[in-house]
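> 3D model of this:
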Amino acid sequence: MQALKNFLKNPTISIVETCKTLKEINQIHTQLLVKGFANDPELVSKFAASIALKHSHNIHYSVKILDQCENPSLFALNSLIRVYSKSSNPEKSLHFYKKILHFNKSPDNYTFTFLIKSCVRLAFVKDLGLAVHGSVLKYGLDNDPHVQSGLVNLYAEMGLLRELKDFFEDINKADLITQTAMVVACARLGDTDFARQVFDEMPERDVVAWNAMIAGYVKAGESLEGLQLFFEMERLGLKVNEVSMVSVLSACSQLSDLNTGRDAHRYIEEERLRIDLTLGSALVHMYAKCGDIDMAMDVFWGMKEKNVYTWSCAMGGLAMNGNGEKCLELYKLMLQEGIQPNEVTFTSVLKGCCVLGLVEEGLKHFQSMIKEYGIEPQVEHYGCMVDLYGQSGRLDDALKFIYSMPFPAHMEAWGALLNASKVHNNVELAELASSKMVELETKNDGAYVQLSNVYADINKWDSVDGVRHTMKSQRVAKVPGVSTIDNNSNWGNIVTG
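The predicted model follows:
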């Protein structure tokens, strides 16, 4: 039995690692009890920690052991915090943090690294995250790089951009881990200027930082900047991976640049990057968005694995390119394959119905997403239904549908009604829809232009002048400018005009 004791006392080895079942763990526990080691807090703590770390599905067993321990070690309690931070019950980490305080132990950087990870997953409880940050300061652990990067992620997840930047600027000398976390966070929150500032100041940048900055630009609609940065990354000989190429393809989709998208696809094949679900879906979307639906479907059918997003992307591409019938056929095939539809699926399906003018079928699908699949319709679903009614000439039904929405009508709904009203020469509804668009976005130059065009179409020139006067008084300017990619050379030269 001395061998067992020595085995458990060695911090790098645990007999529990060799166990495969709960029964075997019970047998070891029995031996501890029989030999009187149950009163040794160090051994009990290591035993409980080993179970938690190596057999997380039996964490309840570890919890029971520690509950009976008179003085569990900090390592054991930290281990439980760590495991729960990755579980479906991250809030339970707080219980073991309270135990650390209850036993008058001082939490360390390991404690807060994983406690903060739990808070990130519970970011909707903002007071909790702020309280944990306060505890970090209390115990003087705010200079630990892992704790700092965790706090950056926490503030980002809580959406507190201003507080995040203040926190980062108070760090005396952020290391590469924290700087990278900051680039990722600010890029994700849309502050690409600050993210780029941090990025440019980094003495070294790994692929995570490059990919985050590129993705941030693309997400913010600054696709040209994202492509410029990608080309710089590739020129420097840095390793480009699947994540990099997803952003490149998304940029090509935004710019509707088929030539650069094709170059990107060739690059993926030359570099032998794995076309997984995410990259495959990005390729399907790029080709569909750029108008090459045949190539989009070739990529789709060539994918060995497809999930609901891949199927929905292909359906959306078909609808986008006017193939409503094939879109609905693909939906039926997806259901036959046993794939459960989601919100994106129904957006694609409803757009397919719009292409074909199938009002009743569209309404059937709209109702099925609620009744059969328990999916709450979002803004885009209501917009599709308004568009479906409107394109079919049922403008009164479209207006009734707008007023029946469970939330105030949005730009997409009124825009769909406006387009339908103009097609069917209903000036009264066109004027109503464009006026509502102006009310919703007083600084949106497009809404004013639409309203002005409506008045111009019916020769209401005084009203046209009135719209222009309102734009001036509201300081709304029509934004000029065109961005494009000159693809004369391989990968193209970025130009703006």
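> CA only for contacts and neighbour counts going forward, please
Will do.
> could you say which helix or strand contains L66?
helix 59-67 (DSSP states H and E).
> what do you get for K306?
Per DSSP H and E, K306 falls between elements, in no helix or strand.
> for the stretch 1-150 of the chain, which spans come out with low pLDDT?
Residue ranges of the stretch 1-150 of the chain with pLDDT under 70: 1-41, 43-45, 47-58, 61-62.
> Helices of that one, residue ranges please.
Per DSSP state H, counting those that start in this stretch, the stretch 1-150 of the chain carries helices over the ranges 2-9, 22-34, 41-54, 59-67, 74-85, 93-102, 109-121, 126-138, 145-157.
> The fifth one - contacts with which helices or strands?
Same thing as helix 74-85. Here helix 74-85 touches helix 41-54, helix 93-102, helix 109-121, going by 3 or more CA pairs under 8 Å, 6 or more residues apart in numbering; DSSP states H and E.
> Using CSV, list the CA coordinates for stretch 307-326.
The C-alpha trace of stretch 307-326 is given here as CSV (Å, rounded to 0.1, in the frame of the first residue of the first chain):
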residue,chain,number,x,y,z
ASN,A,307,-24.3,20.1,-42.5
VAL,A,308,-27.4,22.3,-42.3
TYR,A,309,-25.4,25.5,-43.1
THR,A,310,-24.0,23.9,-46.2
TRP,A,311,-27.4,22.8,-47.5
SER,A,312,-28.9,26.2,-46.6
CYS,A,313,-26.1,28.0,-48.3
ALA,A,314,-26.7,26.0,-51.5
MET,A,315,-30.4,26.6,-51.4
GLY,A,316,-29.9,30.3,-50.8
GLY,A,317,-27.5,30.4,-53.8
LEU,A,318,-30.0,28.8,-56.0
ALA,A,319,-32.7,31.2,-55.0
MET,A,320,-30.4,34.1,-55.4
ASN,A,321,-29.7,33.1,-59.0
GLY,A,322,-33.3,32.6,-59.9
ASN,A,323,-33.5,28.9,-59.5
GLY,A,324,-36.4,28.8,-57.1
GLU,A,325,-37.6,25.3,-58.2
LYS,A,326,-34.2,23.7,-57.6
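> how many neighbours does S87 have?
Residues lying near S87 (other CA atoms under 10 Å) number 15.
> In contact with it, which residues?
Under the criterion of CA atoms under 8 Å, 6 or more residues apart in numbering, S87 has no contact partners.
> And it, its phi and psi?
Main-chain torsions, S87, degrees, to the nearest 10: phi -90, psi -180.
> Likewise for S106?
phi -90, psi 120.
> mind listing what the residue most central in space within the chain touches?
Centroid-nearest residue in the chain, with CA atoms, centre = their mean: R188, separated by 8.6 Å. Residues near R188 by CA under 8 Å, 6+ apart: 212, 215-216, 219.
> The same query, at a cut-off of 7 Å, please.
Neighbour list for R188: G216 [criterion: CA atoms under 7 Å, 6 or more residues apart in numbering].
> where does it land on pLDDT?
As predicted, R188 sits at a pLDDT of 90.
> And for the one 10 residues further on?
For V198, the model assigns a pLDDT of 95.
> try N490
Listed pLDDT for N490 reads 46.
> now S473
Reading off the model, S473 has pLDDT 64.
> can you check G280 too?
96.
> can you check S435 too?
S435 is assigned 81 on the pLDDT scale.
> Make 12 the starting number, not 1.
In the new count, where the first residue is 12, that last one comes out as S446.
> helix, strand or coil for it?
helix (DSSP: H, G, I helix; E, B strand; the rest coil).
> Burial check on it, number of neighbours?
18.
> same deal with D217?
A total of 13 residues lie near D217 under the criterion other CA under 10 Å.
> quick revisit: show me what the helix holding L77 is packed up against.
helix 52-65 (3 or more CA pairs under 7 Å, 6 or more residues apart in numbering; DSSP states H and E).
> which intervals of the stretch 312-461 of the chain have sub-threshold pLDDT?
In the stretch 312-461 of the chain, residues with pLDDT under 70: 453-459.
> All the helices of it, in order from the start?
Counting by DSSP H, counting those that start in this stretch, the stretch 312-461 of the chain has helices at residues 319-331, 335-347, 354-367, 370-382, 390-402, 406-414, 422-434, 438-451, 456-468.
> could you dump those to a markdown table with distance to S234?
Shown next, in a markdown table, are the helices of the stretch 312-461 of the chain (distance: least, CA to CA, whole Å):
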| stretch | distance to S234 |
| --- | --- |
| helix 319-331 | 20 |
| helix 335-347 | 28 |
| helix 354-367 | 23 |
| helix 370-382 | 33 |
| helix 390-402 | 23 |
| helix 406-414 | 34 |
| helix 422-434 | 23 |
| helix 438-451 | 27 |
| helix 456-468 | 21 |
